[in-house]
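>>> Okay, here's the prediction I keep looking at, along with the sequence it came from:
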Amino acid sequence: MKIGILITGHVHESLIGDFGEYDGMFERLLAGHGFTFESYAVVDGVFPENVHACDGWIITGSKHGAYEDHPWIPPLEAFIRDVARAHVPMIGICFGHQIIAQAMGGTVEKFSGGWAVGPQSYDIDGENMMLNAWHQDQVTQLPPDTQVIGANAFCSNAALLIGDSILTIQPHPEFNREFTQGLLTYRGPGSVPQDQLDKAQEALSTPTDSARFADRMARFFKEHSK
């Protein structure tokens with residue numbers, strides 16, 4: 001099964017040498033599940049030929065807002081709707097979660113409650129999962145035909161099932177401890193309040209459930225593939 005990775009942002013220049021781009025993080029996250037991968041830098045205007053170019057799709061995180069005026073966002077939204085109509089399985093992470101919700105009729109906004117950074121606990125289908133987060137924007141209005149399957153006190157729409165073939169999640173299962181440390185060092189200062197950075201730093205050694213969520217992603221792709 002070939003998974004197409006739609007890259008919607010680039011890794012910070014201070015981190016890319018050690019960690020590579022976001023597509024590599026997802027390839028490592030899903031290693032061992034029998035997938036092959038192909039990447040498309042949609043942030044640079046590179047799009048797949050059609051929705052059937054791959055058997056499933058991942059939309060990555062990004063420093064950009066889903067509501068921002070970038071030339072690649074309207075065609076990405078159109079592609080998302082085409083994928084949904086074709087019932088090809090698709091998973092969105094952070095920005096991917098947001099842009100899918102927006103494309104399908106929901107609303108994304110800069111959250112008045114501020115940032116979530118570092119390890120966060122979520123209730124996902126009745127299970128507690130600890131995952132690294134890095135976001136200020138949130139899905140504030142759901143699209144039609146959407147089920148909320150994950151939330152916490154800070155983010156009420158943290159994981160969604162949209163229609164019959166789309167799974168989205170606000171935090172980052174692909175972010176490991178070392179990469180999150182890099183974000184705290186290079187991306188956080190001047191953007192995220194210092195007290196939140198300090199708390200995230202203190203919590204950084206908390207084990208996450210990235211592998212468990214990766215298993216869920218793999219099952220979702222396989223169960224919804226044609």
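That came through, no problem. The shown structure was predicted, so the numbers you read here are calculated from the model rather than taken from an experiment.
>>> Once you drop chain neighbours, what's closest to S121?
M130 (5.4 Å; CB to CB, 6 or more residues apart in numbering). The way it works is simple: take the backbone N, C-alpha and C, and place the C-beta from them, glycine included.
>>> Can you give me every residue that contacts that neighbour?
When contacts are counted by CB atoms under 8 Å, 6 or more residues apart in numbering, M130 touches P119, Q120, S121, Y122, T206, P207, T208, D209.
>>> Would you mind giving the secondary structure of it?
strand (DSSP: H, G, I helix; E, B strand; the rest coil).
>>> and the contacts of M130, which two are the farthest apart?
Spatially, the most separated pair among the contacts of M130 is Y122 and P207, at 14.4 Å (CB to CB).
>>> Those two: who's more crowded?
Neighbours around Y122 and P207, counted as other CB atoms under 10 Å, are more numerous at Y122. The numbers are 23 against 8.
>>> Now the more buried one: which helix or strand?
Using DSSP states H and E, Y122 sits in strand 116-124.
>>> got the contact list for that strand?
128-136, 149-152, 154-155, 158-159, 169, 171, 180, 183-184, 188, 192, 196-197, 199-201, 203-204, 206, 208, 213.
>>> can you check stretch 62-81 too?
6, 8-9, 42-45, 47-48, 51, 59, 90, 94-95, 98-104, 108-110, 137.
>>> pretty sure L6 contacts V42?
Yes. At 4.9 Å, L6 counts as touching V42 under the criterion of CB atoms under 8 Å.
>>> so L167 sits in a strand?
Yes. Counting by three-state DSSP, L167 falls inside a strand.
>>> Could you pull up the residues touching the spatially most central residue of the chain?
The centre of the chain sits closest to I93, judged by CA atoms, centre = their mean, with a distance of 1.0 Å. Each residue near I93 by CB under 8 Å, 6+ apart is listed here: I58, I59, T60, G61, T168, I169, H172, P173, E174.
>>> Compare neighbour counts for L6 and V42 and give me the winner.
When L6 and V42 are compared for neighbours, L6 comes out ahead with 28 against 23, by other CB under 10 Å.
>>> about what we covered before: return the distance of the residue nearest to the centre of the chain relative to D69.
Distance of I93 to D69, given as CB to CB, to the nearest Å: 22 Å.
>>> tell me the strands in this protein, going along the chain?
Remark: strands assigned in the chain by DSSP state E are 2-6, 36-40, 56-59, 90-93, 107-110, 116-124, 127-135, 137-141, 146-151, 159-162, 166-169.
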